[in-house]
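Colleague: My questions concern the predicted model and sequence given below.
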Amino acid sequence: MTSANLILARMGEITLKGLNRGKFESRLMKTLRRNLHPVGNYEVFQSQSRIWIKPKDEPSREAIPQAIEAARMVFGLVSVSPAVSSLQPADTAGLLTGAVAFVRDYLQQHPAARTFKVEAKRGDKRFPWASPQICAACGEAVLEACPTLQVDVHQPDFTLFVEIRESILYYSEKLPAAKGLPIGSSGKGMLLLSGGIDSPVAGYMMASRGMEIEAVYFHTFPYTSDRAKEKVITLAQRLSDYCGRLFLHVVDFTDIQMELRRQVPEDMMTVVMRRVMFRIAEGLARQYGCQALITGESVGQVASQTTEALVCTDAVTSMPVFRPLIGTDKDATIELARRIGTFETSILPYEDCCTVFVAKHPKTRPSLTQAEEAEAKLELDALTREGVSKVETFRLV
Ligand code: ATP
Ligand code: MG
């Protein structure tokens, strides 16, 4: 990979999206350019349904690997390849010289490789050889130059991909990228982001379907410490690596929680608190142009996530609530949290507001009537307005 001088990236599902395709692609290009920006100076352009990423300056050793990591996080891309674009002319002699040079370089980095095959694509039909001829000639030239290698078309240790364009392109790796749809192609959702394991994963999953993400965190200082808030900011930061620019709204929830504690029967505290959170989240969602709420809930996981409790929380909002983890096991969620790099932060042991105020024996199957009765003494509109207005907003890029 060290000698690669450009990156080839492939788009996935968007190729299916017919008329909207142009819009999806420009969203993707925007996210990709933004992700590459902090890494270095790259030229990014689209050609023949691929995306090309070229370092503008004389590439440093890290320029390509870093850009690859940045590109792999972009939703809408299925794979990326570090590639060598030959300086040789696109003629048959240049093709063979370039192929041998590429394979020699590959073997230096992968000395254990014993078998290979060649796959070719002739993008420029003026080139005199058709694809099968290109494969055969490159294979022969490589075998002659590298006697330790043999051809294995079924299970080769590596594949030499050759593409003929204005220049000739060689690569051997197709590294998987984030897949999904480009951010911004599926509207915008307000993620209820706690410091836990689930909600960052839920945000990631909706973002992977193209949703732009905005986040809200309910902070109950001093019952939850500033370290708990820092933890949520770190999680939001990590999410923004995938989702792009992200606003995190931290609601000062302390007075509201205290009011709930005074006015709500203890065993209904959890469900009422969640109903209040949802009302505030919806208020913020409308203010910031979101069409849906997103949570990390999974049915049956804890008292507040029984079907009955979910019915009670849904009843306070007219927005759809997306719960991508609703039928997911914790183990699977943890695995994804590890993969996207939120797990280590999520397990830091700082209390969250739900654990501070939670009842010993919450009602696990509250009815809607019970929930409404438990809220009888609350000034709900005022509390919601208070929550929506007592917000500190962080911009994460
Ligand atoms: P998580 O791991 O995401 O915290 P959890 O399994 O701990 O989830 P709960 O604490 O009951 O479950 O929270 C359920 C969902 O409610 C969370 O996934 C999150 O979307 C939202 N939520 C909980 N607490 C907060 C908070 N303090 N601020 C914002 N959202 C929250
Ligand atoms: Mg939690």
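Modeller: Yep, it's here. Ligands and ions are numbered 1, 2, ... in the order given.
Colleague: Name the SS class of the residue of the chain found nearest ligand 2, please.
Modeller: The chain approaches ligand 2 most closely through Gly196 (3.3 Å), counting by Cβ to the ion. Every residue, glycine included, has its C-beta placed from N, CA and C. Secondary structure, DSSP: H, G, I helix; E, B strand; the rest coil: Gly196 is coil.
Colleague: Find the nearest non-adjacent residue to it, please.
Modeller: Nearest non-adjacent residue to Gly196, counting by Cβ to Cβ, 6 or more residues apart in numbering: Ser346, 5.9 Å away.
Colleague: does that neighbour really touch Pro200, like I thought?
Modeller: Yes. Counting by Cβ atoms under 8 Å, Ser346 touches Pro200, with 6.5 Å between them.
Colleague: who has more neighbours, those two?
Modeller: Pro200 (30 against 22; other Cβ atoms under 10 Å).
Colleague: For the closest residue to the more buried one other than its chain neighbours, give me its contacts.
Modeller: Once flanking residues are discounted, Pro200 sits nearest to Thr342: 4.1 Å by Cβ to Cβ, 6+ apart. Taking Cβ atoms under 8 Å, 6 or more residues apart in numbering, we find Thr342 in contact with 197, 200-201, 204, 235, 238-239.
Colleague: Tell me how far the residue nearest to Gly196 lies from Glu230.
Modeller: Distance, Ser346 to Glu230, by Cβ to Cβ, to the nearest Å: 13 Å.
Colleague: Can you name the next helix or strand after the host helix or strand of Gly283?
Modeller: Assigned by DSSP states H and E, Gly283 belongs to helix 269-287. Of the helices and strands lying after helix 269-287 in sequence (DSSP H and E), the nearest is strand 292-294.
Colleague: between the next helix or strand after that next one and helix 269-287, how many degrees?
Modeller: On the C-terminal side of strand 292-294, the closest following helix or strand by DSSP H and E is helix 307-314. Here helix 307-314 runs at an angle of 40 degrees relative to helix 269-287 (axes from the mean of the first three to the mean of the last three Cα atoms, to 10 degrees).
Colleague: neighbouring contacts of the next helix or strand after helix 307-314?
Modeller: Counting by DSSP H and E, the next helix or strand C-terminal to helix 307-314 is strand 321-322. Contact with strand 321-322 is made by 189, 202, 206, 278, 292-295, 313-314, as judged by Cβ under 8 Å, 6+ apart.
Colleague: got the contact list for Glu212?
Modeller: Here Glu212 is in contact with 183-184, 187-189, 243-244 (Cβ under 8 Å, 6+ apart).
Colleague: Now a ChimeraX select for only the buried ones of these.
Modeller: To isolate the buried members of the contacts of Glu212 in ChimeraX, using 16 or more other Cβ atoms under 10 Å:
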select :183,184,188,189,243,244
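Colleague: The contacts of Glu212 in helices, which ones?
Modeller: Cys243 (DSSP state H).
Colleague: how about the contacts of Glu212, which pair is most distant?
Modeller: Greatest spacing in these, by Cβ to Cβ: Gly187 and Gly244 (14.4 Å).
Colleague: Ligand 1 contacts on the stretch 51-200 of the chain?
Modeller: 192-194, 196-199 (Cβ under 6 Å from any ligand atom).
Colleague: returning to that earlier point: please state the offset of the helix holding Gly283 from the chain centre?
Modeller: Centroid separation for helix 269-287 versus its chain: 26 Å, with Cα atoms, centre = their mean, to the nearest Å.
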